[in-house]
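> A predicted structure for the sequence below; I have some questions about it.
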Amino acid sequence: MLKRAFDLAGSVIGLTLSSPVLLLIAGLIKLSDGGPIFYRGLRVGRGGVPFRMLKFRTMVVDAERRGGPSTADGDSRVTVIGRVLRKYKVDEIPQLISVLIGDMSLVGPRPEVERYVRLLTDEERVILSVRPGLTDWATLWNSDEGAVLAGAADPERAYLELIRPEKIRLQLEYVRRRSFWVDVVILVQTIMAVVLRTKPAALRLREHRR
């Protein structure tokens, strides 16, 4: 109950404070090519139930027909304004609506597309026992996925080999250790990472030791 109350309060406050920026971005996207303002990506949520995750659209209208779900920096499908939105992570703000209606949480494993969920082992499917979130340890560890995939001949294969294994490990760790205070710490670290463009020291140290 405490986590859901925290999600409700956080999403309402976040949407209220960011509403002027949201309206400005919505107008710019609409004026840029006349296409939809939002991208409503199909993701798998708690209990394996699919839902539509809202983001500001950063790619061309027919992007899904042109390639897979993994997007590298420099991907030709990303629009001019989309590159700016992705760089500063503001394309993610509409997900607060998903938090408000209960499909997502402020903190939790990032939701995946069905094709990647099917790759989960029986032990890893415990990740689906909690609401997916805006941020978690895996998000902090790899806050710029596009940069990691940039230049890869096959971005989807690079994602599966270079990013997904550690992402799954950190998501499992979150599920095992989750608590209200863990969520608060992750949120504070996320805000610091966005503002200062840095990773938490513990994650940098872990990376160095690998």
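Perfect, thanks for sending it.
> use CA for all of it now, contacts and neighbours both
Fine.
> what stretches of the chain score poorly on pLDDT?
Low-confidence segments of the chain, defined by pLDDT under 70, span residues 62-74, 143-152, 197-210.
> Run through the helices of it in chain order.
Along the chain, the segments classed as helices by DSSP state H run 2-33, 63-66, 80-87, 95-101, 114-117, 137-141, 145-149, 155-158, 164-177, 180-196, 201-209.
> quick one: which of those is nearest residue 50?
For the helices of the chain, the distance to residue 50 is smallest for helix 114-117, at 8.3 Å, taking CA to CA.
> packing partners for the closest one?
strand 38-44 (3 or more CA pairs under 8 Å, 6 or more residues apart in numbering; DSSP states H and E).
> which residues are contacting the strand it packs on?
Under the contact criterion CA atoms under 8 Å, 6 or more residues apart in numbering, strand 38-44 has outside partners 50-58, 111-114, 117.
> do that again at 7 Å, thanks
The contact list for strand 38-44, computed with CA atoms under 7 Å, 6 or more residues apart in numbering, reads 50-57, 111-114.
> Which residues are in contact with the spatially closest residue to residue 85 that is not a sequence neighbour?
Excluding its sequence neighbours, the residue lying closest to residue 85 (CA to CA, 6 or more residues apart in numbering) is residue 91, at 5.2 Å. Neighbour list for residue 91: 55-56, 85 [criterion: CA under 7 Å, 6+ apart].
> of the residues you listed, buried ones?
55-56, 85 (16 or more other CA atoms under 10 Å).
> need these in TSV with distance to residue 135, can you?
Output for these, formatted as TSV (distance: CA to CA, whole Å):
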residue	distance to residue 135
55	14
56	17
85	17
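> Name the nearest of those residues relative to residue 165.
Taking CA to CA as the measure, residue 165 lies nearest residue 55 of these, at 24.9 Å.
> Alright, I will stop here.
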